[in-house]
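Trainee: coords please:
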Amino acid sequence: MAQLRSIMLMVPELTQAVQFFNKGLGLKVLSQGEDVADLDAGGTLMTIRAVPGNEAVLSPGYSTFLNFNTKDMDTTVYTLLEMGARLDGPILYPTYGKIASVRSPTGHMIGLFEPSV
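Mentor: Numbering: from 1, shown residues only. Model prediction:
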């Protein structure tokens, strides 16, 4: 069986992307250099690499969809929107919890899930 080792996101500008995932989703910054940063995404390594001007690499579309659990959907969505994210459809309220999709300022899709208590 294969095991996921890490996730890598390509972004046009490193600092804004790191702040989005660190302050918006609470991911711990493990290291940060001039064009690359490593964050702890709940035990999975997330590497963010700046590749300014490389339009082909920076076209995420819907190919990368990162899903995160949250304990407070409303606060998390508000924080992410304040940081430049955009809701990609309404927040959904199925019986088992809350679900939201947002697009980060760099275009990556972020799924959020808050389970019912």
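Trainee: pull out the buried positions in the helix ranked longest in the chain.
Mentor: Using DSSP state H, we find that the single longest helix of the chain is helix 73-82. Buried residues in helix 73-82, counted by 16 or more other CB atoms under 10 Å: 73, 76-77, 79-80. Every residue, glycine included, has its C-beta placed from N, CA and C.
Trainee: also stretch 89-99?
Mentor: Residues of stretch 89-99 classed as buried: 97-99 (neighbour count, 16+ other CB under 10 Å).
Trainee: could you give the mean pLDDT of that stretch?
Mentor: When pLDDT is averaged over stretch 89-99, the result is 94.
Trainee: got it, and stretch 24-41?
Mentor: Stretch 24-41 shows an average pLDDT of 96 in the prediction.
Trainee: measure Thr15 to Asp88 for me?
Mentor: 24 Å (CB to CB, to the nearest Å).
Trainee: swap in Glu114?
Mentor: Using CB to CB, we find Glu114 at a distance of 17 Å from Asp88.
Trainee: and what of Met8?
Mentor: Separation of Met8 from Asp88 (CB to CB): 22 Å.
Trainee: and for Leu66?
Mentor: 13 Å.
Trainee: Val77 is in contact with Leu87, isn't it?
Mentor: Yes. Contact criterion CB atoms under 8 Å: Val77 and Leu87 qualify, at 7.2 Å.
Trainee: what do these two both touch?
Mentor: Taking CB atoms under 8 Å, 6 or more residues apart in numbering as the criterion, Val77 and Leu87 both touch 100, 102.
Trainee: where does Gln3 land on pLDDT?
Mentor: pLDDT, Gln3: 70.
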